[in-house]
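*Asks:* structure, please.
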Amino acid sequence: MGVKKVAIGSIASLLLVACVVAAAISITSKRNEVNSSNNNNDSKISTSTKSVHAICQQTDYKQTCIKSLAKANNTHDPKDLLKVAFSAAINNLSDVIKSSASLIDEASKDPRTKDALKTCGDLLDVAIDDVRRSFDEIGMFDSNKLKDYADDLKTWLSASITYQETCLDAFENTTGETGEKIKKLLKNAGELTSNGLAMVSSFDQVLMDLNMKVSGVNQRLLNAHERMLHEVNSNGLKPNAIVAIDGSGQYKSINEALRAAGIYKEYVDIPRKMNHILFIGEGPTKTKITGSKNFADGIGTFKTATVGHWNREHSALRVSGDMAIFHNCQFDGYQDTLYVHTYRQFYRDCTITGTIDFIFGGASSVFQNCKMIVRKPMANQACMVTAQGRKDRRGVGAIVMQNCEIRAEHEFISTQPAIKAYLGRPWKEFTRTIIMQSLIDGFIDQQGWSVWAGDFALNTLFYAEYENRGIGANSNNRVNWRGYKKNIRQEVAAGFAPGVFILADEWVRLSGVPYESGLMKV
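*Replies:* The predicted model follows:
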């Protein structure tokens, strides 16, 4: 952004002197103007440089940050610098998509690689969208009001990082060098997005470093959609479409109902731009959505999102929507049952069954009063309840279980020799999982948590427990990792309650779903 640029004497001798003096004054005046202009420019450059260094000091990729802000045209407003940084990330991600087009022929040699490249392109489009709406959002308020909008910005930027990482995950178990080439192309874009998240997360500190005013915490203004929700009585909702397999409704399938709204999909997929969708069934075991897509059939985990065979890696549900709420639902699967992918999610009175990593992903997800049921896995496998996927240390993602029950089905418990089961393992470097005020049954291994591979993420993860109960909650023999917290303080636990962690008072409470904002009495 550019920075807003003689007496007349009657005697010849006196006239000559006057001319000389006037000339001297004119030259001096012009020199002063030039010096003043130079001083102003130097001051602006100095202020701009100070602002750039202050905002880049908070990032993990400082040289990338400074280079990306080189086109800031001497601006010193941190908000404008943020916009320049976001623009750099958007442009870089767009360049990656363009460059990836040259890899189509190479990827086509392997069907799984070809599908991964297509998936990656779709994911990067969404990653760009999240940075772009962050760019648009910061243009709507003064610099010292940023903290009122910080939760949205951090959620969207964290999601953009997750989408980029999911793009790379799509190339697992593919052949050729396409995946590695995409990884190299995405390196700079990933650093730019991470820097943007760091800038937003430390914005108050930047303002203080520059002696700029920092506002107090104010509740942000509700947008049009949120105001609409405030005005709606959840008990008075009327469905737009009724789906019933026996023909008593308007449609016999969910897809028919979605197509009637102008969207055509081969399987149940709620598109990103379709907002305020509400599914109401007749109970968690009466109304079912089933399918059989799975990883073994050559479909990437990101696209399975259906119930599959017991010995296949698949997801029953992938949630990539912001402010998603699930009440009294049941998700049955084996490996990778519930993919809590991105944004803010709340689950209440739900049941999730599975074997390995059956709750996984990078979202900010809270499970309240839910049941996690461990099922019998294939031979020589251990069970993992969670595999959280936070990629960046400033990312907002975490899996939080509050007043939940972690149990096992009879077939698992009766198997001899006993099968190992753990609360979770670190899928990504900054994995974050908190289990609090929950019942943990005795089948969980005394160590509590398992490694992913070697010492990966053991020093950078955040695993925490608070006021749990049950035989499996005994923490005397828990792992001794730097990132594991045996019993966090009450004020730390309170920060992961939904009212604080995902600001659920602003959206869950409006839904009419049963909900506890803070720590519970259990």
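*Asks:* which residues touch the nearest residue to A504 once chain neighbours are set aside?
*Replies:* For A504, ignoring the flanking residues on the chain, the nearest one in space by Cβ to Cβ, 6 or more residues apart in numbering is P498 at 3.8 Å. For every residue, glycine as well, the C-beta is placed using N, CA and C. By Cβ atoms under 8 Å, 6 or more residues apart in numbering, the residues touching P498 are 346, 366, 368, 400, 402, 504, 508, 515-517.
*Asks:* would you map out the domains in the chain?
*Replies:* Using automatic domain parsing, the domain parsing of the chain gives 62-209, 222-266, 291-511.
*Asks:* include distance to I55 and mean pLDDT when you put these into a markdown table, please.
*Replies:* Listed next are the domains of the chain as a markdown table, based on distance: least, Cβ to Cβ, whole Å; pLDDT from 0 to 100:
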| stretch | distance to I55 | mean pLDDT |
| --- | --- | --- |
| domain 62-209 | 5 | 91 |
| domain 222-266 | 27 | 55 |
| domain 291-511 | 14 | 92 |
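*Asks:* of the ones you listed, which is nearest N275?
*Replies:* domain 222-266 (6.7 Å; Cβ to Cβ).
*Asks:* SS state for I373?
*Replies:* strand (DSSP: H, G, I helix; E, B strand; the rest coil).
*Asks:* can you give me the helices in the stretch 101-250 of the chain?
*Replies:* Counting by DSSP state H, counting those that start in this stretch, the stretch 101-250 of the chain has helices at residues 104-107, 111-138, 150-169, 178-201, 203-209, 224-231.
*Asks:* the stretch 301-450 of the chain too?
*Replies:* Using DSSP H, counting those that start in this stretch, helices in the stretch 301-450 of the chain cover 301-304, 410-413.
*Asks:* which of the helices or strands spans T59?
*Replies:* Using DSSP states H and E, no element contains T59; it sits outside every helix and strand.
*Asks:* contact partners for it?
*Replies:* 65, 194-195, 198-199.
*Asks:* ok, R393 next?
*Replies:* So R393 contacts 60, 430, 460 (Cβ under 8 Å, 6+ apart).
*Asks:* now Y343
*Replies:* 155, 159, 320-324, 363-364.
*Asks:* now swap in V400 and tell me
*Replies:* 365-367, 433-434, 436, 496, 498, 501.
*Asks:* could you rerun that using 6 Å?
*Replies:* 366, 434, 496 (Cβ atoms under 6 Å, 6 or more residues apart in numbering).
*Asks:* and T155, by the same measure?
*Replies:* Listed by Cβ under 6 Å, 6+ apart, the contact set of T155 reads 343, 396.
*Asks:* in PyMOL, how would I select just the buried ones from the contacts of P498?
*Replies:* Filtering the contacts of P498 down to the buried ones (16 or more other Cβ atoms under 10 Å) takes a single PyMOL command:
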select buried, resi 346+366+368+400+402+504+508+515+516
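*Asks:* dump the contacts of P498 to a markdown table, plus distance to G424.
*Replies:* As requested, these are exported to a markdown table (distance: Cβ to Cβ, whole Å):
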| residue | distance to G424 |
| --- | --- |
| F346 | 20 |
| V366 | 16 |
| Q368 | 18 |
| V400 | 12 |
| Q402 | 15 |
| A504 | 23 |
| V508 | 24 |
| Y515 | 25 |
| E516 | 23 |
| S517 | 25 |
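*Asks:* now, the contacts of P498 that are in strands?
*Replies:* 346, 366, 368, 400, 402 (DSSP state E).
*Asks:* in CSV: the residues you listed, plus distance to Y466.
*Replies:* Converted to CSV, the ones in strands among the contacts of P498 look like this (distance: Cβ to Cβ, whole Å):
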residue, distance to Y466
F346, 19
V366, 14
Q368, 14
V400, 10
Q402, 9
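*Asks:* any idea how far R133 is from A127?
*Replies:* Applying Cβ to Cβ, to the nearest Å, the value for R133 to A127 is 11 Å.
*Asks:* so which of those two has more stuff around it?
*Replies:* The neighbour count for R133 versus A127, taken as other Cβ atoms under 10 Å, is higher for A127 (31 against 14).
*Asks:* which one is that one nearest to, not counting chain neighbours?
*Replies:* Going by Cβ to Cβ, 6+ apart, A127 has Y163 as its nearest residue, at 3.9 Å.
*Asks:* equivalent analysis for R478, please.
*Replies:* G448 (4.6 Å).
*Asks:* circling back to that earlier point, nearest to A453 among the contacts of R393?
*Replies:* Distances from A453 to the contacts of R393, taken by Cβ to Cβ, are shortest for T460, at 14.0 Å.
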